[in-house]
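Peer 1: Here's a sequence, model it:
(one chain, ligands or ions: 1)
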Amino acid sequence: MDTIFLEQVKVQTKLGVPDWERTVPQTIILDIEIGYDFTHACRTDAIEDTIDYGRVVARIRETLAEHSFKLVEALGEHVCQLILQEFKAQNVQLKVSKPGILPGLKALGISIYRSA
Ligand SMILES: Nc1nc2c(c(=O)[nH]1)N=C([C@H](O)[C@@H](O)CO)CN2
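Peer 2: You can find the predicted model right below:
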């Protein structure tokens, strides 16, 4: 499977179980692998025949600015479904990290895989 990868994408969003945590945006970090068949795009050399990774990042930042989630899991599902449905990806592997939340560790979060 061909993949597009986006590493350490910083995004601002309101996220957290306690209500106070969702009052102001915090920075989360996404690592994304998008499964898509590039065979046609390799022949045509046309952006229309692949997934424009710039548009993916812009859409994620846009939707996470508009939405607020309690769980990292729910945020991860939302992002996966956006990539599958809007960009017609075949599958998505997503890691969502919340840095600086607990003392004594660098980051925590979830890893999620979804396919069309
Ligand atoms: N499995 C999860 N556990 C926890 C989450 C979460 O999203 N998924 N979130 C929190 C709190 O938001 C915490 O990160 C900060 O107060 C706790 N556990």
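
Peer 1: who does the top strand by length along the chain touch, helix- and strand-wise?
Peer 2: Counting by DSSP state E, the longest strand found in the chain is strand 3-15. Strand 3-15 is packed against strand 26-35, helix 53-66, strand 68-69, helix 72-87, with contacts defined by 3 or more CB pairs under 8 Å, 6 or more residues apart in numbering; DSSP states H and E. In short, each C-beta sits where N, CA and C put it, glycine included.

Peer 1: can you give me the angle that strand makes with helix 53-66?
Peer 2: For strand 3-15 against helix 53-66, the angle by axes from the mean of the first three to the mean of the last three CA atoms, to 10 degrees is 20 degrees.

Peer 1: Could I get the CA-only coordinates of strand 3-15 as CSV?
Peer 2: The C-alpha coordinates for strand 3-15 follow below in CSV (Å, rounded to 0.1, in the frame of the first residue of the first chain):
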residue,chain,number,x,y,z
THR,A,3,1.1,6.0,1.9
ILE,A,4,1.4,9.7,2.5
PHE,A,5,2.9,10.5,5.9
LEU,A,6,2.6,13.7,8.0
GLU,A,7,4.8,13.8,11.0
GLN,A,8,4.5,15.9,14.2
VAL,A,9,1.6,18.0,12.9
LYS,A,10,0.9,20.6,15.6
VAL,A,11,-2.8,21.5,16.0
GLN,A,12,-4.7,23.8,18.4
THR,A,13,-7.9,22.3,19.8
LYS,A,14,-10.1,22.2,22.9
LEU,A,15,-9.6,18.7,24.4
